[in-house]
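all I have is the shape, not the residue letters:
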């Protein structure tokens, strides 16, 4: 849960935009019941803290370290205090680390379409065969679970719209490299989510089903060729045949 400072509410430009992005990074780690606050520092940067009454005192240290790791992965320098975090600007080392992690994702998890296919089939099958109506839309829920496993859709969404610039040429070069890698990761995530969506639809016997309502998935689900594309070939090669309802149907 996000809670901005009063200064942030009045002015949503400059450091306010940075504070909002940092809140989006931290809020999922804290959970729905925990308020995450931010306040802009006078000389630049942002301080971040969680409300202690919504988080066990013995767990606050662990929460701050989890938030610091995720903030650092975005490329910022962080310092951890007893009751808050300080985000103090871009770090060349952290940006280099982000570039390495992005390249690693492209070379490993995001190169493994088979894992996405197997995971989507397993998830939607579990939802479809559950003795209790656990899901109103099994295909959409399975795709959302695949997106969480990929992790990068949420990470990219948290920084979406944030202008990332620097007056230092060395940092600006790293920011440009990261932006290029993020564009590749976003395209690859779109491939995986589109594959998962088509697999779950076919596995569930759903025809002409609309795309998921989750706003996180909409920018990543891109139009694909209607026939003969790589996604269709992957679906055909990996999804077992299932009888479909009688009558005309098109994919």
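Cool, the structure landed. All of these numbers come straight from a predicted model, not from anything done at the bench.

does residue 24 touch residue 156 like I think?
No: using CB atoms under 8 Å, residue 24 is not in contact with residue 156, being 10.9 Å away. Quick note: C-beta positions are derived from backbone N, CA and C, even for glycine.

tell me which residues in whichever strand or helix holds residue 23 are buried?
Element membership of residue 23, judged by DSSP states H and E, is helix 15-30. Neighbour counts using 16 or more other CB atoms under 10 Å place 15-16, 18-27, 29-30 of helix 15-30 among the buried residues.

for stretch 155-162, same thing?
Buried-residue list, stretch 155-162, by 16+ other CB under 10 Å: 155-159.

identify the residue nearest residue 17 in space, chain neighbours excluded?
Nearest non-adjacent residue to residue 17, counting by CB to CB, 6 or more residues apart in numbering: residue 162, 6.0 Å away.

can you list the domain ranges for the protein.
2-90, 94-238 (automatic domain parsing).

phi and psi next, for the closest residue to residue 85 other than its chain neighbours.
Nearest non-adjacent residue to residue 85, counting by CB to CB, 6+ apart: residue 48, 4.4 Å away. When quoted as degrees, to the nearest 10, the phi and psi of residue 48 stand at phi -130, psi 140.

please apply the same query to residue 89.
Per degrees, to the nearest 10, the backbone of residue 89 is at phi 110, psi 180.

burial measure for it, as a count.
15 (other CB atoms under 10 Å).

repeat for residue 105
For residue 105, using other CB under 10 Å, the count is 20.

how close does residue 159 get to residue 41?
20 Å (CB to CB, to the nearest Å).

which intervals of the stretch 151-251 of the chain have sub-threshold pLDDT?
Along the stretch 151-251 of the chain, segments meeting pLDDT under 70 span 206-251.

quick one, helices of it?
152-158, 169-204, 230-238 (DSSP state H, counting those that start in this stretch).

what packs against the first one?
This means helix 152-158. helix 15-30, helix 138-150, helix 169-204 (3 or more CB pairs under 8 Å, 6 or more residues apart in numbering; DSSP states H and E).

can we see that at 10 Å?
Helices and strands touching helix 152-158, by 3 or more CB pairs under 10 Å, 6 or more residues apart in numbering; DSSP states H and E, are helix 15-30, helix 57-73, helix 92-107, helix 138-150, helix 169-204.
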